[in-house]
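Asker: Task: produce atomic coordinates for the following.
(one chain, ligands or ions: 1)
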Amino acid sequence: MAEEPKAVEFAKRLFTCRCGEADCTMATLVPFREHIAMLVRAITSAGHNGLLKNRPERWDAWQGVFYPLQMAASIEDVDADPSYTDDTFAGFWCEGVWELEAEDRKSASAYVAALTIFNFIWMAYEQTIRLCEFNLFHRDKLPVQARKYFAANEGTLGDMPAISYLYRQAIQCCRQASGLAEDIVAMEQTYSLRGAAAAAELGRIFRNYIVHGSDPVPPDDRANEWGVARFYMVSRMVLVLIQGLVRQRLKTPQQLMPLSAVREEDVEEADRLFGGLHQKPELWRQFPEISEE
Ligand SMILES: [Zn+2]
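Answerer: Alright, predicted model coming up:
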């Protein structure tokens, strides 16, 4: 029997281009886990090189950003067994039940993995907003501050490559849940948001929907595909929003910086790095990687 795919491999499948079109935005993205790893390295490198605006004593606060991201990327697999609480041992003596339980384990594991990864990315997002110190919006909750910031900076720092595409993908996944679909209609009636601002608002709505227990569980098989997909789509979108916020904190955006704290010779303009690291290097690198030969 072929080995079961790992619970986290859903993301790999989700972010794989299946259309083969030359202008497919999905095909421009680096793999999900790699995206998180690049972001962690870039933030650490920017911090070490003194590129991030923070009050002198606050570099440590960026740990609240990269540690949750590190956790999100660290998850290799998840193994959840919903039948643990079942004391009938039905699966022990009935093959039909045993098979159903195996399916349950598979879908529960994928769900737990996606939820956990999303939660870590969301923690990093809120901490990034906190570090941005948007004094103008200090009365608002953090996710609202980010939305207002992106709306006020549309076309400049708030404009991130592929963000509108990710937003469209995420909103399509979110619309499959009736509770969320209603919130999306309300959002569209209240604001006319675009780009990163729209993504920030969708992220906020989705996160509230999850923490208030509105996601239907257990999802049936078909719903589970959408249910898991939206965690990853929204997570991707939020990762790019984090990059957009870090760009806002760069002291000298044009300064060359190493891609990671240990790859000192491999440099790029700071603003380009945070603007593009979710996409394949040939799309944004100005200084191609120095060959090791
Ligand atoms: Zn494609």
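
Asker: what separates stretch 161-174 from the chain centre, distance-wise?
Answerer: Relative to its parent chain, stretch 161-174 has a centroid offset of 12 Å by C-alpha atoms, centre = their mean, to the nearest Å.

Asker: Report the buried residues of it.
Answerer: Within stretch 161-174, the residues that qualify as buried are Pro161, Ala162, Ile163, Ser164, Tyr165, Leu166, Tyr167, Gln169, Ala170, Ile171, Cys173, Cys174, counting by 16 or more other C-beta atoms under 10 Å. Any C-beta I mention is one placed from the backbone N, CA and C, and that applies to glycine too.

Asker: and if you look at stretch 10-29?
Answerer: Phe10, Ala11, Leu14, Phe15, Thr25, Met26, Ala27, Thr28, Leu29.

Asker: State the distance from the first one to the ion.
Answerer: Okay, so that is Phe10. The gap separating Phe10 from the ion is 18 Å, by C-beta to the ion, to the nearest Å.

Asker: residues in contact with that residue?
Answerer: With contact taken as C-beta atoms under 8 Å, 6 or more residues apart in numbering, Phe10 is in contact with Ala110, Ala113, Ala114, Val228, Ala229, Tyr232.

Asker: now do the last one
Answerer: With contact taken as C-beta under 8 Å, 6+ apart, Leu29 is in contact with Phe15, His35, Ala162, Arg236, His278, Gln279, Lys280.

Asker: Confirm for me that Phe66 is in contact with Ile121.
Answerer: No. Counting by C-beta atoms under 8 Å, Phe66 stays clear of Ile121, with 11.6 Å between them.

Asker: any low-confidence regions in the stretch 151-293 of the chain?
Answerer: Low-confidence segments of the stretch 151-293 of the chain, defined by pLDDT under 70: 157-158, 218-223, 288-293.

Asker: Do a quick rundown of the strands in it.
Answerer: Assigned by DSSP state E, counting those that start in this stretch, the stretch 151-293 of the chain shows strands spanning 256-258, 267-269.

Asker: isn't Phe287 right up against Leu259?
Answerer: No. The pair Phe287 / Leu259 is not scored as a contact, 9.9 Å apart, by C-beta under 8 Å.

Asker: quick one: common contacting residues for the two?
Answerer: Both Phe287 and Leu259 are contacted by Val267, Glu268, under the criterion C-beta under 8 Å, 6+ apart.
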